[in-house]
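Engineer: Here's my sequence, what's the structure:
(one chain, ligands or ions: 1)
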Amino acid sequence: PKTKLLVESLKGMKENKNDQWTKVMRSVNMENLRTGYLFPEISRREYEHSEKYPDAKIIKLGIGDTSEPIPDCIASAMAKQAMALSTVEGYSGYGDEQGEKALRKRIAEKFYKNMDVKWEEVFVSDGAQCDISRVQMLFGSHVTVAVQNPSFPAYIDSSVIFGRAGNLQEQNGKYERIVYMECTPQNDFFPDLSNTPRTDIIFFCSPNNPTGTAASASQLRRLVDFATANGSIIVYDSSYAAYISDGSPTSIFQIPGAKQVAIEISSFSKFAGFTGVRLGWTVVPKELSYSNGFPIVKDYDRIVCTCFNGASNIVQAGGLACLSTEGFQAVSKVLNHYKENAKILIEAFRGLGMEVYGGENAPYLWVHFPGSSSWEVFAEILEKTHILTIPGRGFGPGGESYIRVSSFGHRQTILEASKRLTSSLRKFNFN
Ligand SMILES: Cc1ncc(COP(=O)(O)O)c(CN[C@@H](CCC(=O)O)C(=O)O)c1O
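Structural biologist: Below you'll find the model as predicted:
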């Protein structure tokens, strides 16, 4: 297969007779990424549609990008920090690559109370997306990976880039070395671990993108027991934990024993509107070790120091403000706005007799169109209502016949989307 990829890349070079080429061969892992990353493709479709219908008011319920302004007390804290940099006494240069101690301590207190997570195990970053790849740097290309199916694409695509996915199997759209753990309404979106092969790494996202469901304490207990029995490492993505409304665990570290088997990645993006500001964190417990007993946190610290020079001091000031009493009350109000949006959209789809999952513990609805191609449903909804969603197939084979609908948006926009969907979906003929 590698030869096949090499031949293809050489063929690619021959088609381009005029360009000046280097003599450096393209990575076979990059060659193996056979499709573009999902979200830029959605943006491209949006652009195409806006070209076709220049007067249409496109409603964006696709990419999970927040829409409401950052509360003033938080933006002011960032502005204040920015202005301080213009003074001799306020100026500061490189900070600790692991993050400012005050913010690390505040994150540990706010999100990991009574979970025995120490501030020294919290690494502040420029976002969860980047940390997914930094965590991947911890492991060799021989390492085996399991993901939920459907799954946020970054876990699969970064595994391909790091050479631990094998080749894409065209017939089923799966990478041959990745274990896909089926998550469906039939199994309450939690994989059947008794039929799941052992892998070194298990990526697990809860609340889940794209299904919008949150794993229960008993399910996560089973996941931790499974990883403990197999000597595996769970990479747990809790980027949507702030949306949990039904008492499900907000962290894997609420489960006893998780500190011996899990790393947790999280983000300010979705609860504080920091998608463009860029702030996240990763918890690597001191108890977590490789098979030779070496503490993984030491390698993660080395990676952070070598590959990342720390999150912006201005942004970290914003992060601290988010976690103040005033700041967290303010962002909680915005969270409730998005939760209300989700209820409006659920009502619209359920009013049409559709199967809708998620939306209670996450800002995503997972809407089922049995027997339909998700890309066709996506295209038909965009064409008929000028509403952008995301085809479930973009999250893996398990997403076929679903679309993901995000609840980020101004209230008027969501009400307009609800009206359009209600009036138009009845006429759709999905089969
Ligand atoms: C599960 C999960 N983890 C991490 C991230 C990224 O977090 P940052 O802290 O902002 O880096 C997202 C964003 N998913 C969004 C945006 C997709 C994108 O543009 O990459 C989504 O699924 O629509 C996510 O859904």
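Engineer: isn't Ser158 right next to Ser133, touching?
Structural biologist: Yes. Ser158 is within contact range of Ser133, at 5.0 Å (criterion: CB atoms under 8 Å). (Each C-beta comes from the backbone N, C-alpha and C, glycine too.)
Engineer: out of these two, which sits in the more crowded spot?
Structural biologist: The residue with more neighbours, out of Ser158 and Ser133, is Ser158; 21 against 14, by other CB atoms under 10 Å.
Engineer: Please name every helix or strand in contact with the helix or strand where the more buried one lies.
Structural biologist: Per DSSP states H and E: Ser158 is located in helix 153-161. Here helix 153-161 touches helix 28-32, helix 128-136, strand 145-149, strand 174-175, going by 3 or more CB pairs under 8 Å, 6 or more residues apart in numbering; DSSP states H and E.
Engineer: So that helix, near the ligand or not?
Structural biologist: No. Using CB under 6 Å from any ligand atom, no contact is recorded between helix 153-161 and the ligand, whose separation bottoms out at 6.5 Å.
Engineer: Need the residues that contact that helix.
Structural biologist: 29-30, 32-33, 37-38, 129, 132-133, 136, 145, 147, 165, 175, 178, 203, 205, 235, 237, 394-396 (CB atoms under 8 Å, 6 or more residues apart in numbering).
Engineer: Same question for stretch 325-333.
Structural biologist: 71-74, 77, 110, 242, 271-273, 321-322.
Engineer: Could you measure from the closest residue to His368 other than its chain neighbours over to Met137?
Structural biologist: Of all residues not flanking His368 in the chain, Glu355 sits nearest, at 4.0 Å (CB to CB, 6 or more residues apart in numbering). As judged by CB to CB, to the nearest Å, Glu355 and Met137 stand 40 Å apart.
Engineer: so Val179 makes contact with Asn195?
Structural biologist: No. Look at Val179 against Asn195 with CB under 8 Å: they stay out of range, at 10.6 Å.
Engineer: Among those two, which residue is more densely surrounded?
Structural biologist: Neighbours were tallied for Val179 and for Asn195 using other CB under 10 Å; the higher tally belongs to Val179 (18 against 8).
Engineer: Am I right that that one is in a strand?
Structural biologist: Yes. According to DSSP: H, G, I helix; E, B strand; the rest coil, the state of Val179 is that of a strand.
Engineer: That one and Gln169, how far apart?
Structural biologist: Distance check for Val179 against Gln169: by CB to CB, it reads 13 Å.
Engineer: ditto for Ser245
Structural biologist: 38 Å.
Engineer: quick one: pLDDT of the closest residue to Gly64 other than its chain neighbours?
Structural biologist: Nearest residue to Gly64, sequence neighbours excluded (CB to CB, 6+ apart): Ser406, at 4.8 Å. For Ser406, the pLDDT comes out at 98.
Engineer: hang on, Ser406 packs against Gly62?
Structural biologist: Yes. Checked against CB under 8 Å, the pair Ser406 and Gly62 is within contact range at 6.6 Å.
Engineer: which residues are common contacts for those two?
Structural biologist: Ile390.
Engineer: can you pull out the strands in the stretch 151-300 of the chain?
Structural biologist: 168-169, 174-175, 178-182, 201-205, 233-237, 262-267, 280-283 (DSSP state E, counting those that start in this stretch).
Engineer: Can you list the strands that the second one pairs with?
Structural biologist: So the one you mean is strand 174-175. If you go by DSSP bridges, strand 174-175 pairs up with strand 168-169 (antiparallel).
Engineer: ok, and what's touching stretch 85-104?
Structural biologist: Applying CB under 8 Å, 6+ apart, the contact partners of stretch 85-104 are 83-84, 119-120, 122-125, 281, 301, 304-305, 308-311, 313-314, 316, 319-320, 323.
Engineer: Can you say which of those residues are buried?
Structural biologist: Buried subset of these (neighbour count, 16 or more other CB atoms under 10 Å): 119, 122-125, 281, 301, 304, 308, 310-311, 313-314, 316, 319-320, 323.
Engineer: The ligand next: which of those residues are close?
Structural biologist: By CB under 6 Å from any ligand atom, no member of the buried ones among the contacts of stretch 85-104 lies near the ligand.
Engineer: In helices, which of those residues appear?
Structural biologist: Among the buried ones among the contacts of stretch 85-104, the members found in helices (DSSP state H) are 301, 304, 313-314, 316, 319-320.
Engineer: would a markdown table of those with pLDDT be doable?
Structural biologist: Shown next, in a markdown table, are those (pLDDT from 0 to 100):
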| residue | pLDDT |
| --- | --- |
| Asp301 | 98 |
| Val304 | 98 |
| Asn313 | 98 |
| Ile314 | 98 |
| Gln316 | 98 |
| Gly319 | 98 |
| Leu320 | 98 |
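Engineer: and the spatially most central residue of the chain, how far is that from the ligand?
Structural biologist: By CA atoms, centre = their mean, the chain has its centre lying nearest to Phe152, at 5.5 Å. Separation of Phe152 from the ligand (CB to the nearest ligand atom, to the nearest Å): 4 Å.
Engineer: Just confirm that residue contacts Val235, I think it does.
Structural biologist: No. Between Phe152 and Val235 there is no contact under CB under 8 Å: 11.4 Å.
Engineer: Would you tell me what the next helix or strand after the strand or helix carrying Ile346 is?
Structural biologist: Per DSSP H and E, Ile346 falls inside helix 325-351. Toward the C-terminus, helix 325-351 is succeeded by strand 355-358 as the next helix or strand (DSSP H and E).
Engineer: Summarise which helices and strands that next one is packed against.
Structural biologist: Checked by 3+ CB pairs under 8 Å, 6+ apart, strand 355-358 has helix 325-351, strand 364-368 packed alongside it.
Engineer: what's near enough to touch the residue nearest to His368?
Structural biologist: 185, 367-368, 370.
Engineer: Please apply the same query to Gly319.
Structural biologist: 103, 106-107, 124, 268, 272, 274, 279, 311.
Engineer: and the residues you listed, which are buried?
Structural biologist: By 16+ other CB under 10 Å, those give 103, 106-107, 124, 268, 272, 274, 279, 311 as buried.
Engineer: So which of those sit within helices?
Structural biologist: Using DSSP H, these in helices are 103, 106-107, 272.
Engineer: Intersect the residues you listed with the contacts of the ligand.
Structural biologist: Within those, nothing lies near the ligand by CB under 6 Å from any ligand atom.
Engineer: Return the member of these nearest to the ligand.
Structural biologist: Ala272 (10.2 Å; CB to the nearest ligand atom).
Engineer: How about the contacts made by that closest one?
Structural biologist: Contacts of Ala272 (CB under 8 Å, 6+ apart): 70, 74, 279, 318-319, 322, 331.
Engineer: I'm done for today, thanks for sticking with me.
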